[in-house]
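S.K.: coordinates only, no sequence provided:
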Ligand SMILES: C[S@@+](CC[C@H](N)C(=O)[O-])C[C@H]1O[C@@H](n2cnc3c(N)ncnc32)[C@H](O)[C@@H]1O
C-alpha cells in the first residue's frame, strides 16, 4: 500500500445545510439546558460548525424553514447564542476558547436592521407585502384605532406607524409585558418613527389589559402575544369583541410547527395553529377569510 493511501482519512459526505443548522442548534440547546458538558473542545467544535453554517448561508445556500430563516437572522442569532453560552460557561472554559468566542461575538452585529430600526431578530419583514395589500384601505385614513398584542422590539408597530397610520387622529395601542431590555429597545425603535404621539403603550399581559379596552373600538388588531394555545384563544376571543365591524384581525404564526428549529425549541402547547383552527371553527359565518398562509387575516362581518 502506498504512503498516500495508508494515511487517507475517509471523507464524510457533506451534510446538507438544513441538517447542519439543525444539528448545530440541537447542540446549542443541550449546552444551554446543561444536558451536555461544554468542554473547551466541544465549544470549539460548536463554534466551527456555526461559522461553517454562516459561510454556507452567505454563499447562497438556504434552508426552507419559513419566512424567518434568513441569513441576517441566523447571523444575529448565532452571535446572540454564542454570547449567551459565554456568559453561562466562561468560568469553566480556557482563555483560548473564551477569546475565540469573544472574537466571534464581536465580529458582526448582534441585531438585524430594517431601515433606521434595529431588532435582535426580524420576524416581520417577510409579512410586509401581504400587510400592504390587506391594510391598503387604511393608508392615510383618519380616526383609526389600531391594537397590537405582542410588540417585542416594535418591528410590526414601527411599520404600521410609518406606512399605514400616516393620517390624522390615529393611534396604535401596543400591549406587551416588555420584559428586561425589550422595553428600551421598543422605545428606541418607536422614537425613530417620530410618531410617538400616536402610540399608546400598555405594559402588562393581554389577559389583564384587554377586558378594560373599548368594545368595538378598533379597526385593526394584530394578535402576536403569548403563543401558548390557551392564551392565543383568549386573545382571539377578547380581540373579536374589541374589533369594529369591517375591522381586520391578523393572527400570527399559523404554520409555526413547520419550522424544525421551532419544533426543537417549542413544546406542543406553544403552537398557535390549534387555537386558530378552533377560533375559525367557532366563529364561522361571522368573518370573511382574507388570507391564510403563515398568518391568518380576517375581516369581521
Ligand atoms: C413574536 S413577539 C411579537 C413580535 C412583534 N409583533 C413584531 O412583529 O416584531 C411576541 C411578544 O409577545 C409578548 N407577550 C408574551 N406574553 C404576552 C402576554 N400575555 N400578553 C401580551 N404580550 C405578551 C412577548 O413579550 C413578545 O414581545
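M.R.: Right, received. Where do you want to start? If you're wondering where the values come from, they're calculated on a predicted model, not measured in any experiment.
S.K.: residue 156 is in contact with residue 222, correct?
M.R.: Yes - contact criterion CB atoms under 8 Å: residue 222 and residue 156 qualify, at 6.2 Å. To be clear about C-beta, it is placed using only N, CA and C from the backbone, and glycine gets the same treatment.
S.K.: what do these two both touch?
M.R.: Residues touching both residue 222 and residue 156 by CB atoms under 8 Å, 6 or more residues apart in numbering: residue 148.
S.K.: any stretches of the stretch 101-250 of the chain with poor pLDDT?
M.R.: Residue ranges of the stretch 101-250 of the chain with pLDDT under 70: none are present.
S.K.: the ligand contacts on that one?
M.R.: With CB under 6 Å from any ligand atom as the criterion, the stretch 101-250 of the chain meets the ligand at residues 123-124, 149-152, 155-156, 175-177, 179, 182, 205-206, 224-226, 231.
S.K.: residue contacts, the residue nearest to residue 205 when sequence neighbours are not counted?
M.R.: Excluding the flanking residues, the one nearest residue 205 by CB to CB, 6 or more residues apart in numbering is residue 177, at 5.9 Å. Applying CB under 8 Å, 6+ apart, we find residue 177 in contact with 203, 204, 205.
S.K.: same question, residue 181
M.R.: Contacts for residue 181 (CB under 8 Å, 6+ apart) come out as none.
S.K.: quick one: the strands in the stretch 51-200 of the chain?
M.R.: 112-114, 117-119, 144-149, 170-176, 199-203 (DSSP state E, counting those that start in this stretch).
S.K.: between the third one and strand 199-203, what angle do the directions make?
M.R.: Between the axes of strand 144-149 and strand 199-203, defined by axes from the mean of the first three to the mean of the last three CA atoms, to 10 degrees, the angle is 30 degrees.
S.K.: next one: strand 144-149 to chain centre, how far?
M.R.: 19 Å (CA atoms, centre = their mean, to the nearest Å).
S.K.: for it, packing partners?
M.R.: helix 155-163, strand 170-176, strand 218-223, helix 229-242 (3 or more CB pairs under 8 Å, 6 or more residues apart in numbering; DSSP states H and E).
S.K.: for the last one, buried residues please.
M.R.: Judged by neighbour count using 16 or more other CB atoms under 10 Å, the buried positions of helix 229-242 are 229, 231, 232, 233, 234, 235, 236, 238, 239, 240, 242.
S.K.: and the closest residue to the first one other than its chain neighbours, how far from residue 211?
M.R.: Read that as residue 229. Of all residues not flanking residue 229 in the chain, residue 275 sits nearest, at 4.5 Å (CB to CB, 6+ apart). According to CB to CB, to the nearest Å, residue 275 stands 19 Å off from residue 211.
S.K.: same check, this time on residue 243
M.R.: Residue 243 is 15 Å from residue 211, by CB to CB.
S.K.: cool, residue 272 as well?
M.R.: Residue 272 is 21 Å from residue 211, by CB to CB.
S.K.: who's more crowded, the two?
M.R.: Each of residue 272 and residue 211 has its neighbours counted (other CB atoms under 10 Å); residue 272 has more, 28 against 10.
S.K.: for the residue nearest to the spatial centre of the chain, give me its contacts.
M.R.: Geometric centre of the chain, nearest residue: residue 123, 3.8 Å, by CA atoms, centre = their mean. Contact criterion CB under 8 Å, 6+ apart gives 68, 152, 155 as the residues in contact with residue 123.
S.K.: and what of residue 239?
M.R.: The neighbours of residue 239, taking CB under 8 Å, 6+ apart as the test, are 147, 149, 210, 218, 221, 223, 249.
S.K.: identify the farthest-apart pair in those.
M.R.: Spatial extent of the contacts of residue 239 (CB to CB) is set by the pair 210 and 249 at 13.0 Å.
S.K.: neighbours around residue 262, how many?
M.R.: Number of residues near residue 262 (other CB under 10 Å) recorded here: 18.
S.K.: residue contacts, it?
M.R.: Contacts for residue 262 (CB under 8 Å, 6+ apart) come out as residue 256.
S.K.: and it, that's in a strand?
M.R.: No - using DSSP: H, G, I helix; E, B strand; the rest coil, the assignment for residue 262 is helix, not a strand.
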